[in-house]
Each structure stands twice: as C-alpha cells, then as structure tokens.
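Trainee: Just need the structure, nothing else, for what follows:
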Amino acid sequence: MRSDNVTKGVERAPNRSLFYALGYTKEELERPLIGVVCSYNEIVPGHMNLDKIAEAVKAGVRAAGGTPVEFPAIAVCDGIAMGHIGMKYSLVTRDLIADSTEAMAIAHQFDGLVMIPNCDKNVPGLLMAAARVNIPTIFVSGGPMLAGRLEDGRRSCLSHMFEAVGAYKAGKLDEAGVEDYENNACPSCGSCSGMYTANSMNCLTEAIGMGLRGNGTIPAVWSARLRLAKHAGMQIMELVEKDIKPRDIMTPAAFHNAETVDMALGCSTNTMLHLPAIAHECGIELDLDMSNAISAKTPNLCHLAPAGDTFMEDLEGAGGVYAVMKELTKKGLLDTSVMTVTGKTMAENLEGVVNRNPEIIRPIDNPYSQDGGIAVLKGNLAPEGCVVKRSAVAPEMMAHTGPARVFDGEEEAIAAIYAGKIVPGDVVVIRYEGPKGGPGMREMLNPTSAIVGMGLGESVALITDGRFSGATRGAAIGHVCPEAAQGGPIALVEEGDIISIDIPANRIDVQVDEAALAARRAKWVCPEPKVKTGYLARYAKLVTSAARGAVLE
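Mentor: Down below sits the predicted model:
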C-alpha cells in the first residue's frame, strides 16, 4: 500500500508516533488510509452540510475496512462574490484547490481519496487534483438545493432573484416583490437549484464516471444523500483493492461522453472551461471545435432553470443523469464500454434504467432541439472562439445584428444598464474581464440578469471576454478569445460598430474591414494591469486562454 511509506517498518516509527499523537491506533494504521477531502465551510450554502456528508463517508470507509482521514479544501460562494472584486477570486480558486489537494494527498501517502465538493470551482478543482495525483478516487457531492416557492406559489431559484433586481430597476417590481424573492428563492442548503455551474459539474462527474448514480441530482436535504455518501465510502475500498485510478476512468472516450451529456442536459457554459482543464491534467487536450461537432449530433433533452421552469429535484425524480444517458444510448451517442467508479462499465450501470418523466427528460425522438445546449461561435471578433448557452437563448435572438455599446469592465456596463442607457437592438460589449485582463475572468450574472429583468432579454445581446454564471440566460456570449488584454479583436471594437451574431451558423463578427481593424491594432496599447500584487497578479502571468480552459502554465 502507498501508506506503507508512512506506517510500516522501524524506519517509520517517527511517522507512526505522530499518527498516535492524533489518536489513531495500531489497528487503524494496518488498514488502507483513505483521505477524505471535505469542502465544508460556513460561507457557502452548498457546503454548510458537507460535515454531515463527510461523517457518512467515513462511516462507509470504516464499514468496508479502511481508515478515513479528513482534511479540508476551500470554496468560494459565487453568488456572494458576485458584482464586486470578490468575483476575481472565484475561477482562480480552482487551481488553489487542485494544488493544495495534490500537496496533501502526496505528502501523506493516502491509499485512496474520497472527494466531497459541491460548488462551482470546487468540483473541477478536485477533479483536476484527482487526475494529477492519480490514486483511486471517488466523488460524492453535497447535493442541490431545493427549488424555492414564492408567496403566490410560484417556484423560484437564484437566477430569478438576480433578475428581480433588474425588474426593480426598471420599475416592474416593488421592494416587497424583491423581498419575496430574497426570502424564498433559496430555501435550503445545497448547490443552487437550477442547471447552473455547480450542478452541471456534479452531473458531469457522473457522466465521466467519477461519481455514483445520483451524485448530481439527489437533493442536499434528502437522507438518500447520506446513504449515497456511505456507499461512496464503501466503494473507495473496492477501487483501492482493484487499483482503479482516475486516469483509468477519465479517458478520451469518457470526456467525449461528458461533453455529449453536457449538450443533452443544457449545462453551464463554464463546463467549456472546466472540462478542458480536467482533461489537461489527464494529458488529454480538448478542442473547442469538438464541442460543435458533438452538439451537431446530440439533441437537447432538458430545459432546467435558467432555460426552463424545472429544477434539479425534478431531474432526480425523472431518473437523473443515468436516465439522460440511457436516452442517449438509444442513438449510440455514448461509448458505454468505459470504466466507472462503480467498478463496472457504463453499459452495466445503465442496465434497467428508465426515463420516469418524459416531460422533464425529453425522449431522444422528441427533443427540445436537434442540437446541443451549448454552441461555440467563431469569426473575426473571436478567432479562437466564444461560447453561448444556446438552450437558454430566446428564439428571436438566435440571430442578431446591432450596434456595439462598449464598456471596459463590468461596473461601467451595469451602471449603464440600470440607468436605462441600453435600448433594444444593442450589443453590450464588456471587455478586459478575461483570465489575464480581469484578472480572474469574472462572471457577468449581474449585467445579464439586469438585461433580462428589465425586459430586454429578447432584444439585447451581451458579449464579453469574461464568463457567465450557469444562472445566466439570454443571448449572453462569453469567453471571447483572444481576450482584450492579449490584444484580441474585442479590444479593437468601437462604440457603434455593427456586430452580427448567428448562433445556428456558429458565427460572430464585427462588421469592420480588416484594414480598419489593422489600423486600430497598430494604435492599441494594453492597459496597465488592474492588479499588480498578490495571488491575482501571479495568476495573470501564468494563465492561458479561456479556449484552453484557462489552465496555468
């Protein structure tokens, strides 16, 4: 066992003495040591229950003959960090999480790991660590929040809460209405209840084979979540015994499966950052162009919030991620020979699975659309690509042409939107918010929610080299690459330039000829960095393009 390096032989007597100082017994040190990576904290609603999940995991490990050893991982609440400097510290935590978990796992020579994440960067950060460390590992998340219910009985969620602020600014909702959302949109612990980034990544953890059935969909407050955690603790022991490691599971075929399920579910555009970053740790390079090829043949089967009015608990009731995958196998869209943390193949896992609610999970012959939920657009404005959640775009905005309204940062844009300076037909351009330029690639949920809440969601587009929350809906196009801080074409756009967006054709262009763009480029000077010290400054120097997953090099 790997743990023999810290527990066996006379030479390791000093090491054992420190385990004894922790209260471990000789008998416990003779069993496999299982690291339990728990992201519990008291600032993220999706993480406030993870101490209970960890206790259940440890019970499962002990029941199966292992010795659990818990240690922490950090997490940021994107909703609380939204709209101020704190959002610069969201994406960057993905690498802190991966690095610190690598350090802990290797320094202490664990035989296996159980990862307990839940929210946006915490899940991909731990998947990156799992790939990097490559010892037997299983994931069990904290589970999604229940949908809220307003005073009039309507169901609600966090994206509605943000849009309510825009409605208030437009005079469409009074303070009492805002307070109704404030008090009722987020009724329980758990990752926010729509198909936002956290739930997208927890669902894709099942699809890629690293989590047990229900990992992405069993609500946080259900006792079934605790049973799932116990089973994960038991199952890690089988993975250790058989030496089934993350890179045995996260193969090119598994990433292809994950992107296919992504398109069927209508996941967050942030998956286009996280899947390439996780694959990179596996020695696999995912090309954004592959996403469009997958999307072209993958029907969109689900419209969970913000694309529709259904929520994660509804997806669980319909059969969860496994039921979605079962539908996809009917057209041969998944490689079901891949290994998973169950110790079985996907084909074996899907035996007997049924779609229990065809209104929540559309049958593959009756999809919402014949193509997937995410589209990658390219053109002279984004030569390396940009992304949009196609399933959450109004039909009338699938193709749009309008004048650019240019802002060098989120704050300028949100002030103009709230002041009523954005009108139907406009294309809002928010730049210098990319991985380097931000630094940190902030989410633009406040501007997009304001646009929708003020009744402009069917007439105004927004493009940015920043990114979006999974809660964003509308013609919101992010990850424009190259970013402005690297001299990408988005840096050259001027107020009033005509921008054309054609999502079905996967195109985005600024209607300015190459000679004029070249003249602007010759005059362009990169602005001074917004942050010059600390972690963000180091991050800006190391981070790569969003088209590559914003990995560090």
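
Trainee: ok, which stretches of this structure are strands?
Mentor: 33-38, 67-72, 112-116, 137-139, 148-149, 155-156, 375-379, 382-388, 399-407, 427-430, 461-464, 476-481, 498-502, 507-510 (DSSP state E).

Trainee: Dump the ones you listed into CSV; add mean pLDDT as well.
Mentor: Shown next, in CSV, are the strands of the chain (pLDDT from 0 to 100):
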stretch, mean pLDDT
strand 33-38, 98
strand 67-72, 98
strand 112-116, 98
strand 137-139, 98
strand 148-149, 97
strand 155-156, 96
strand 375-379, 97
strand 382-388, 97
strand 399-407, 98
strand 427-430, 98
strand 461-464, 98
strand 476-481, 98
strand 498-502, 98
strand 507-510, 98
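
Trainee: Dump those strands to CSV, plus mean neighbour count.
Mentor: No exception for glycine: its C-beta is placed from N, CA and C like everyone else's. Putting those into CSV (neighbours: other CB atoms under 10 Å) gives the following:
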stretch, mean neighbour count
strand 33-38, 26
strand 67-72, 19
strand 112-116, 29
strand 137-139, 30
strand 148-149, 18
strand 155-156, 20
strand 375-379, 22
strand 382-388, 24
strand 399-407, 19
strand 427-430, 27
strand 461-464, 28
strand 476-481, 30
strand 498-502, 19
strand 507-510, 20
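
Trainee: right, so of these, which gets closest to residue 443?
Mentor: strand 476-481 (8.7 Å; CB to CB).

Trainee: Partner strands of that closest one and their direction?
Mentor: Paired neighbours of strand 476-481 in the sheet (DSSP bridges): strand 382-388 (antiparallel), strand 461-464 (parallel).

Trainee: Show me what it is in contact with.
Mentor: Applying CB atoms under 8 Å, 6 or more residues apart in numbering, the external contacts of strand 476-481 come out as 269, 272-273, 377, 381-389, 431, 434, 444, 448, 461-468, 488, 490, 501, 508, 545-547.

Trainee: starting at the chain centroid, how far to that strand?
Mentor: 15 Å (CA atoms, centre = their mean, to the nearest Å).

Trainee: Strand 498-502 and that one, what's the angle between them?
Mentor: If you take axes from the mean of the first three to the mean of the last three CA atoms, to 10 degrees, strand 476-481 sits at 100 degrees to strand 498-502.

Trainee: among the strands paired with strand 476-481, which is nearest residue 277?
Mentor: Nearest to residue 277, of all these, is strand 382-388, at 14.3 Å by CB to CB.

Trainee: Residues contacting that closest one, please?
Mentor: 269, 272, 288-289, 374-378, 463, 475-482, 488-490, 503, 508, 545, 547.

Trainee: if we can go back for a sec, Throw the strands paired with strand 476-481 into CSV and include distance to residue 223, thanks.
Mentor: As requested, these are exported to CSV (distance: least, CB to CB, whole Å):
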stretch, distance to residue 223
strand 382-388, 37
strand 461-464, 42
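
Trainee: looking at those, which is closest to residue 366?
Mentor: It's strand 382-388; of the strands paired with strand 476-481, that one is closest to residue 366 (CB to CB) at 24.0 Å.

Trainee: which helices and strands does the longest helix anywhere in the chain pack with?
Mentor: Longest helix of the chain, by residue count under DSSP state H: helix 223-242. If you count contacts as 3 or more CB pairs under 8 Å, 6 or more residues apart in numbering; DSSP states H and E, helix 223-242 packs onto strand 33-38, helix 50-63, strand 112-116, strand 137-139.

Trainee: List the buried residues of that helix.
Mentor: Buried positions in helix 223-242, judged by neighbour count with 16 or more other CB atoms under 10 Å: 225-226, 228-240.

Trainee: Please apply the same query to stretch 144-160.
Mentor: Quick answer for stretch 144-160 (16+ other CB under 10 Å): 144, 145, 146, 147, 148, 150, 155, 156, 157, 158, 159, 160.

Trainee: The fourth one contacts residue 155, correct?
Mentor: The one in question is residue 147. Yes. The pair residue 147 and residue 155 passes the contact test of CB atoms under 8 Å, sitting 4.7 Å apart.

Trainee: Mutual contacts of these two, please.
Mentor: residue 311.

Trainee: Against residue 391, how distant is residue 323?
Mentor: As for residue 323, its distance to residue 391 is 18 Å (criterion: CB to CB, to the nearest Å).

Trainee: Over to residue 249?
Mentor: Separation of residue 249 from residue 391 (CB to CB): 28 Å.

Trainee: These two: which is more packed in?
Mentor: Each of residue 249 and residue 391 has its neighbours counted (other CB atoms under 10 Å); residue 391 has more, 27 against 22.

Trainee: check contacts around that one.
Mentor: Per CB under 8 Å, 6+ apart, neighbours of residue 391: 266, 300, 303, 307, 368, 369, 372, 373, 374.

Trainee: out of these, which one sits closest to residue 313?
Mentor: For these, the nearest to residue 313 is residue 303 (15.1 Å; CB to CB).

Trainee: pLDDT score for the closest residue to the closest one other than its chain neighbours?
Mentor: Leaving out its chain neighbours, the residue that sits closest to residue 303 by CB to CB, 6 or more residues apart in numbering is residue 368, at 5.6 Å. On pLDDT, residue 368 comes in at 97.

Trainee: Measure how buried residue 368 is and give me the count.
Mentor: 17.

Trainee: Run a quick check on it versus residue 298, I expect a contact.
Mentor: No. The pair residue 368 / residue 298 is not scored as a contact, 11.7 Å apart, by CB under 8 Å.

Trainee: ok, and the closest non-adjacent residue to residue 62?
Mentor: Nearest-residue entry for residue 62: residue 68, 6.6 Å, with adjacent residues in sequence omitted and distances by CB to CB, 6+ apart.

Trainee: before we move on, what about residue 48?
Mentor: Using CB to CB, 6+ apart, the nearest residue to residue 48 is residue 189, at 4.9 Å.

Trainee: Then residue 537?
Mentor: Setting aside the residues directly before and after it, residue 537 is nearest to residue 531 in space (CB to CB, 6+ apart), at 5.4 Å.

Trainee: so what's that neighbour up against?
Mentor: Here residue 531 is in contact with 88, 439, 537, 540 (CB under 8 Å, 6+ apart).

Trainee: how about the residues you listed in TSV, adding distance to residue 3, pLDDT and neighbour count?
Mentor: Formatted as TSV, those follow (distance: CB to CB, whole Å; pLDDT from 0 to 100; neighbours: other CB atoms under 10 Å):
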residue	distance to residue 3	pLDDT	neighbour count
88	39	97	20
439	39	97	26
537	38	97	13
540	39	97	21
